[in-house]
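Enquirer: Structure for the following, please:
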Amino acid sequence: MDKITAVACREFIATVRTRAFVLTVVVMPMLMVCGLYGFEYVEELTKEQELPSRKLALVDYTDVLADVFAAQIAAHNDELPGQPFELEVLDELEPDREEVKEGLTKRVQDGELYGWLVVSADTLNPDGEGQVELARSDTQLSVGRRLERMVNNAVVAVRFERAGIDAALIARQRTPVRFAMVDARSGESFGSDTLAQIMTPFVFMLLMFMGTFGIAQGLLTTVIEEKSSRVVEVLLSAVSPLQLMAGKIIGMVCVGVLLLSVWGGVSYFGARSYNMEELVTPYRLTIAGLYFVPGFLLMASILAGVGSACNELKEAQSMVFPLSILTIIPMIFWFFIAEYPASPFSIILSYIPPITPFIMILRICSDPATPMWQIVSTQVVLWASVLVAMWAAAKVFRVGVLMYGKPPSPRELLRWLRYS
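Expert: Have a look, this model is predicted:
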């Protein structure tokens, strides 16, 4: 046990002293802080950004929309005086609409116009097939949405006027209701919004994913480097293969716990500063730790076995590729799992050991009332998989760590498991 502890301490100290680890510990919290405090600042900077006046040409085949749309443009310019639009309404039109659009496109290409809009005559008919064609010299998403919103507001205003409806009265009656979010368990109000609640499960899963694979990949690289440089032969003269592998894995687990502790602490206090402590609760952080340790042990055991069987990183990557495909499933289906944590699909994925930690943290963050029997049973399955993986990795490690040349085939790996 003393030898395992010595190897674990050596791996832990060697890893935490690297620049990569220090940068990971420091940079990730900085990104979290910037995400919390910098979003509003960047949004304000965007609104204050000065842009030259952008000229829009409007071709209005309804003959009534131009004045209302011009009022929308004026309102926009009052709200954002640093990012104004200038409207040019074309009255004398060519008979051929395609020829009109070609002429406008040529003016955009020459830099005379920022963009153009062509409003068909049937646009004001709610049951018609009219449309508005919009062309711009850039693809900025926010500007496109803003223009679409102004056109829609203008069209709706004209429709209301034709129907004899007071648009201002309708707007007042449609004032959104203010919601006060209340925690169903404590009855206390909290200040988080819908977007934050949706993204919280993904952030928990992403941090666990980065902590597991980022550090476990380092273990894989270390084993291959020590094997190719023959350093492992010197190490095995002092410790057994099992003690060496166990020490390396335990040391890396300690590194992962330290990393997640720093990230979790920054997330917790950052959420508290924004009055969103209900999103990063001690319960969720505890659950993340309970699933991180066996999840990391499982992944580290697999990668340690693969690293001992290979001589080059390229060989190891090809052997780990099927596992990599499996582990991206939580990334692909995270939104569905977060929306439907109790669905049969989500429950089934919870019992596939390599991805169990990521699926369960998604489900528990989305639904804190996840049945306790599912948490316990997935823990049992996960720890059983850890024992099997460590047993198999120890056998492969014992044989493969001193073998060089061509990497073993799957059949040869099975033979090692039987004979070692």
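
Enquirer: May I see the buried residues of the longest helix that the chain contains?
Expert: In terms of residue count, the longest helix belonging to the chain (DSSP state H) is helix 194-228. By neighbour count on 16 or more other Cβ atoms under 10 Å, the buried set for helix 194-228 is 197, 200-209, 211-213, 215-220, 222-224, 226-227. Backbone N, C-alpha and C define where each C-beta goes, glycine included.

Enquirer: How about stretch 356-376?
Expert: Using 16+ other Cβ under 10 Å as the test for burial, stretch 356-376 gives 356-366, 368, 370, 374-375.

Enquirer: Point out the other helices and strands that the longest strand seen in the chain packs with.
Expert: When the chain is parsed with DSSP state E, its longest strand is strand 54-60. Applying 3 or more Cβ pairs under 8 Å, 6 or more residues apart in numbering; DSSP states H and E, one finds that strand 54-60 contacts helix 65-79, strand 85-89, helix 97-109, strand 115-119.

Enquirer: Identify the residues contacting residue 313.
Expert: By Cβ atoms under 8 Å, 6 or more residues apart in numbering, the contact list for residue 313 reads 220-221, 224.

Enquirer: For it, give its distance to residue 245.
Expert: Remark: distance between residue 313 and residue 245 (Cβ to Cβ, to the nearest Å) = 19 Å.

Enquirer: cool, and residue 337?
Expert: 33 Å.

Enquirer: Per-residue pLDDT of residue 303, please?
Expert: Per-residue confidence at residue 303 stands at 83 (pLDDT).

Enquirer: What strand or helix carries it?
Expert: Using DSSP states H and E, residue 303 maps to helix 282-309.

Enquirer: what stretches of the stretch 1-150 of the chain score poorly on pLDDT?
Expert: In the predicted model of the stretch 1-150 of the chain, residues 1, 24-49, 92-96 satisfy pLDDT under 70.

Enquirer: starting at the chain centroid, how far to the longest strand of the chain?
Expert: With Cα atoms, centre = their mean, to the nearest Å as the basis, strand 54-60 stands 39 Å off its chain's centre.

Enquirer: in its sheet, what does it sit against?
Expert: Its sheet considered, strand 54-60 pairs with strand 85-89 (parallel), strand 115-119 (parallel) by DSSP bridges.

Enquirer: which parts of the first one are buried?
Expert: Along strand 85-89, these residues count as buried under the neighbour rule (16+ other Cβ under 10 Å): 85, 87.

Enquirer: angle of that strand against helix 65-79?
Expert: Relative orientation of strand 85-89 and helix 65-79, computed by axes from the mean of the first three to the mean of the last three Cα atoms, to 10 degrees: 170 degrees.

Enquirer: Not counting strand 85-89 itself, show me its contacts.
Expert: By Cβ under 8 Å, 6+ apart, strand 85-89 touches 53-58, 60, 66, 69-70, 73, 76-77, 113-114.

Enquirer: Next: the last one.
Expert: With contact meaning Cβ under 8 Å, 6+ apart, strand 115-119 is reached by 54, 56-62, 65, 97, 100-101, 104-105, 107-108, 130, 132-137, 147, 151.

Enquirer: In contact with the residue lying closest to residue 170 once chain neighbours are set aside: list those residues for me.
Expert: In this structure, residue 170 finds its nearest non-sequential neighbour in residue 160, 6.8 Å apart by Cβ to Cβ, 6 or more residues apart in numbering. By Cβ under 8 Å, 6+ apart, the residues touching residue 160 are 166-167, 170.

Enquirer: and residue 160, what element?
Expert: Applying DSSP H and E as the criterion places residue 160 in helix 141-162.

Enquirer: pretty sure residue 305 contacts residue 399?
Expert: No - taking Cβ atoms under 8 Å as the definition, residue 305 is not a contact partner of residue 399, at 10.2 Å.

Enquirer: residues contacting residue 72?
Expert: Shown in contact with residue 72 (Cβ under 8 Å, 6+ apart): 150-151, 153-154.

Enquirer: swap the cut-off to 7 Å and go again
Expert: Residues counted as contacts of residue 72 (Cβ atoms under 7 Å, 6 or more residues apart in numbering) are 150, 153-154.

Enquirer: Okay, now the unreliable bits of the stretch 251-400 of the chain?
Expert: 270-278, 400.

Enquirer: What's the local residue count around residue 411?
Expert: Residue 411: 7 surrounding residues under other Cβ atoms under 10 Å.

Enquirer: Next, work out how far apart it and residue 325 are.
Expert: Counting by Cβ to Cβ, the gap from residue 411 to residue 325 is 21 Å.

Enquirer: Now do the buried residues in the helix holding residue 303.
Expert: 284-285, 287-288, 290-309.

Enquirer: Quick one: end-to-end length of stretch 116-133, please.
Expert: 8 Å (Cα to Cα, to the nearest Å).

Enquirer: so which helix or strand takes in residue 260?
Expert: Going by DSSP H and E, residue 260 is part of helix 241-273.

Enquirer: What is that helix packed up against?
Expert: helix 2-16, helix 19-48, helix 194-228, helix 282-309, helix 372-400 (3 or more Cβ pairs under 7 Å, 6 or more residues apart in numbering; DSSP states H and E).

Enquirer: again, 10 Å this time
Expert: Counting contacts by 3 or more Cβ pairs under 10 Å, 6 or more residues apart in numbering; DSSP states H and E, helix 241-273 is packed against helix 2-16, helix 19-48, helix 194-228, helix 231-236, helix 282-309, helix 372-400.

Enquirer: Against residue 138, how distant is residue 216?
Expert: 43 Å.

Enquirer: For the residue nearest in space to the middle of the chain, which non-adjacent residue is closest in space?
Expert: What sits nearest the mean C-alpha location of the chain, by Cα atoms, centre = their mean, is residue 202, with 6.1 Å. Nearest non-adjacent residue to residue 202, counting by Cβ to Cβ, 6+ apart: residue 334, 5.4 Å away.

Enquirer: dump the residue contacts of the one you found.
Expert: Taking Cβ atoms under 10 Å, 6 or more residues apart in numbering, we find residue 334 in contact with 201-202, 205-206, 358-359, 362, 366.

Enquirer: would TSV of those with distance to residue 329 be doable?
Expert: What follows is those, written out as TSV (distance: Cβ to Cβ, whole Å):
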residue	distance to residue 329
201	15
202	14
205	11
206	14
358	8
359	8
362	11
366	16
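
Enquirer: Which pair of the residues you listed spans the longest distance?
Expert: Farthest-apart pair in the contacts of residue 334 is 206 and 366; separation 14.3 Å (Cβ to Cβ).

Enquirer: next one: phi and psi at the closest residue to residue 111 other than its chain neighbours?
Expert: Nearest non-adjacent residue to residue 111, counting by Cβ to Cβ, 6+ apart: residue 137, 7.9 Å away. Here is the backbone geometry of residue 137 (degrees, to the nearest 10): phi -80, psi -10.
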